[in-house]
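J.: just to be clear, the model below is a prediction. Sequence and coordinates:
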Amino acid sequence: MKVVTRFAPSPTGHLHLGGARTAIFNWLFTRHHQGKFYLRIEDTDTLRSKQEYTDSILASMNWLGLDWDGEPVYQSERFDLYNQYVDRLLESGHAYWCSCSPEDVEKMREEARARGENPKYNGCCRDRGLRPSPGNPEKMVVRLRAPQTGITVLNDMVKGEIVFNNAELDDMVLRRPDGAPTYNMAVVVDDIEMGMTHVIRGDDHVPNTPKQILIYQALGAELPIFGHVPMILGPDKQKLSKRHGATAVIDYEKEGLLPEALVNYLTLLGWSHGNDEFFGLEDLVREFANGRLNPSPSAFDPEKLAWLNHEHMKTRSSQELAELVAPFIKALELPLPAPEKLLPLVEMLRERAQTLKDLAAAMKFMLIDAAQMEYDQKALEKTITPESRAHLAALRSLFDGLPEFDASGLHDALHGYVEGNGLKFKQVGPPLRVALVGALAGPDLCQVMSLLGKEQTLARLTKFQ
RNA sequence: GACCCCAUCGUCUAGCCGGCCCAGGACACCAGUCUUUCACAUUGGUAACAGGGGUUCAAAUCCCCUUGGGGUCGCCA
């Protein structure tokens, strides 16, 4: 059997982490089985759907490296199709017209609730045999004539067998008075039409599934295999929301994450393959079917994501990182050095950064001019004394006289100065670092000076005389 | 309230068709090593089978109950 899946976002916001993960699972599953992976934009809610969000979602999919087959399908363009199916149901007697108003139905629900029952529509129009008449065609909805007894069984790929009592389900609306399909109707029609073999989605859809199965059955259509993956929770184990900070894929792109790291991390949330954790995209495609989907929800941990990103950064060449970090340097409004100047900076600093944004920020002191230097106040107080100023002045003229301004020459000069004057490195190193870097921590001093260049190094030292 | 799902270290998890597990890995945390500092790296450490009943020679692993967490109950998707 050829696998066919889809990712079906509704364009009411950017692609968020939860959506991204269901997209990833579908994509991995499909690519592993060499099937077809489609994109379907669920934009039947014309009020909340926005083109800019569709664009943003597609852009995030591209960024993540998730390609899809064919052109995206827009539900808003397929109302005629949905109506054909609704009409079929009407003709076969699996659906009926209902003239109850939303208020009427709300009242029924209240009554059911008061009785301690599942709130639902009471089926009062079921056997009235209503037909739209010229007088009030627009007021009628179409409902499914759902079985009132028996059970509906969902055989889920990740959760196993889930049994629902049909008595708990009601006659759901399939078509609104304005002719628009409801969500469950549109989804089922599209999944049938598009030949879906597997429907993998968030487990917030579990309660929808028996309703959809009922529609499949009324239509006499074959069921796809369902797989409901648990939700992603915030670090506090609560439902992930804006309250938790960055929840959209685009936020992580802006934070300087590598797309393969985000994919790797999101996949690990709910999927596992023994004790293995580091996976490239190809590894995931190859191993996905050999792993295991966890039925329990998992909490999102930004720290582990950052660690994993660092691991992925290790696999990129400095050349690649230099290209990737450039936009982040610009975003920080720092001058972008020429490629041959940028490369050694990346090499010097890459181990110290967990993200591209970190890397750009770590470069700041190397990219600005002596006049723009900012100094950590505590570091200044701790290291800059009349005595250390004298050392810095001496070093300045020592370095000035160097024939070659390279790391090894600087190293020899620096250590020669320390030893020649019977000093401890601690008396010279920290003040020198503060003068050059602006803080007490940073990369190797001699490397810093050689990359800064003679002019800039001397200018920074001059400020402390 | 009704229905459904879930339950191993703080977090992600291995294990879960029972014995090799007084529970393994990773992140985080703590300590040591390395180092001119910081970081990286590396070594070691703290830390969990929610509780109670069964079944069994044997249970983290199977069953039941309790508790806790989550989801859904729209003419939204």
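T.: Looks like it came in fine. Numbering: from 1, shown residues only, chains lettered A, B, ... in the order given.

J.: which parts of the stretch 51-200 of chain A sit against RNA strand B?
T.: By the criterion of C-beta under 7 Å from any atom of the strand, the positions of the stretch 51-200 of chain A lying close to RNA strand B are A:75, A:100-102, A:104-105, A:109, A:113, A:116-121, A:141, A:159-160, A:162-165, A:168, A:172-173, A:176-177, A:180, A:182-184. C-beta coordinates here come from the backbone N, C-alpha and C atoms, glycine included.

J.: what about 6 Å?
T.: Contact residues of the stretch 51-200 of chain A with respect to RNA strand B, defined by C-beta under 6 Å from any atom of the strand, are listed as A:100-102, A:105, A:109, A:113, A:116-119, A:141, A:159, A:162, A:164, A:168, A:173, A:176-177, A:182-183.

J.: of those, buried ones?
T.: Applying a neighbour-count criterion of 16 or more other C-beta atoms under 10 Å, the buried members of these are A:100, A:105, A:109, A:141, A:159, A:162, A:164, A:173, A:177, A:182-183.

J.: I'd like those laid out as CSV, including distance to A:Lys254 and secondary structure.
T.: Output for these, formatted as CSV (distance: C-beta to C-beta, whole Å; DSSP: H, G, I helix; E, B strand; the rest coil):
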residue, distance to A:Lys254, secondary structure
A:Cys100, 48, coil
A:Val105, 44, helix
A:Arg109, 43, helix
A:Val141, 44, strand
A:Lys159, 35, coil
A:Ile162, 39, strand
A:Phe164, 42, strand
A:Val173, 41, strand
A:Pro177, 43, coil
A:Thr182, 36, coil
A:Tyr183, 32, helix
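
J.: could you pull out the buried residues of stretch A:49-69?
T.: Applying a neighbour-count criterion of 16+ other C-beta under 10 Å, the buried positions in stretch A:49-69 are A:49, A:53-54, A:56-58, A:60-61, A:63-64, A:66, A:68.

J.: er, stretch A:394-406 actually
T.: So stretch A:394-406, judged by 16+ other C-beta under 10 Å, has buried residues A:395-396, A:399, A:405.

J.: re the thing from before, report the two of the buried ones among the residues of the stretch 51-200 of chain A next to RNA strand B separated the most.
T.: Between any two of those, the greatest separation by C-beta to C-beta is 36.1 Å, found for A:Lys159 and A:Pro177.

J.: is A:Val448 in a helix, a strand, or coil?
T.: Reducing the assignment to helix, strand or coil with DSSP: H, G, I helix; E, B strand; the rest coil, the entry for A:Val448 is helix.

J.: tell me, how many residues neighbour it?
T.: Using other C-beta atoms under 10 Å, A:Val448 has 21 neighbouring residues.

J.: check the one 4 residues further on too.
T.: A:Leu452 is surrounded by 19 other residues when neighbours are defined as other C-beta under 10 Å.

J.: that one is in contact with A:Val437, isn't it?
T.: No: when contacts are counted by C-beta atoms under 8 Å, A:Leu452 is not listed as touching A:Val437 (9.8 Å).

J.: can you pull out the helices in the stretch 301-450 of chain A?
T.: Shown for the stretch 301-450 of chain A, the helices assigned by DSSP state H, counting those that start in this stretch span residues A:302-314, A:318-331, A:339-349, A:356-362, A:364-367, A:377-383, A:386-400, A:407-420, A:425-437, A:445-452.
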